[in-house]
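[1] the following block contains a protein sequence and its predicted model.
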Amino acid sequence: MKKKNNVENIYFTITGTSYRYGKDFLEKDMKVYLEKDPDNEYDKEAIKVEMEGLGQIGWVANSTNTVLGESWSAGRIYDRIEETAEGTVLYVLDKGVLCRLDGVYA
């Protein structure tokens, strides 16, 4: 994996956007915010994805069926971030939204 300032580049996929606002409004370089969701009844390593002014727009993918390319699953990212982190949209694709993790690492 490539390094940037001695920190691994970590990519993640946003999934579940169809349950909120869809993904058609998302564009390259938009900022997204991650927040751990330990009370999620379906996944104890769930990470919500939010945008300023909208709130939750989806989740970090945590399944081999929803993780795109070199993305990390929510389970791999969960212990590497504090309670919140920041990311940047790289690509909006048919099967999900590929982002780069930019926030502070634990």
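    Nice, thanks for sending it over.
[2] what number of residues lie near the closest residue to Leu34 other than its chain neighbours?
    Of all residues not flanking Leu34 in the chain, Ala85 sits nearest, at 4.4 Å (Cβ to Cβ, 6 or more residues apart in numbering). Any C-beta I mention is one placed from the backbone N, CA and C, and that applies to glycine too. Ala85 is flanked by 23 other residues according to other Cβ atoms under 10 Å.
[3] which ones are touching the most centrally placed residue in the chain?
    The residue lying closest to the centre of the chain (Cα atoms, centre = their mean) is Val60, at 3.9 Å. Residues in contact with Val60 (Cβ atoms under 8 Å, 6 or more residues apart in numbering) are 12-15, 34, 46-47, 49, 73-74, 77.
[4] so where do the strands sit in this protein?
    3-4, 7-8, 11-15, 31-36, 47-51, 55-60, 84-93, 96-101 (DSSP state E).
[5] low-confidence bits of this structure, can you list those?
    Along the chain, segments meeting pLDDT under 70 span 1-7, 104-106.
[6] once you drop chain neighbours, what's closest to Tyr19?
    In this structure, Tyr19 finds its nearest non-sequential neighbour in Gly58, 7.5 Å apart by Cβ to Cβ, 6+ apart.
[7] that neighbour reaches Thr15, doesn't it?
    Yes: the pair Gly58 and Thr15 qualifies as a contact (Cβ atoms under 8 Å) at a distance of 5.8 Å.
[8] ok so, going back, out of the contacts of Val60, who's the most crowded?
    In terms of neighbours by other Cβ under 10 Å, the contacts of Val60 top out with Phe12 at 30 neighbours.
[9] if I look at it, how far off is Ser18?
    18 Å (Cβ to Cβ, to the nearest Å).
[10] check Leu93 too.
    Leu93 sits 14 Å away from Ser18, taking Cβ to Cβ as the criterion.
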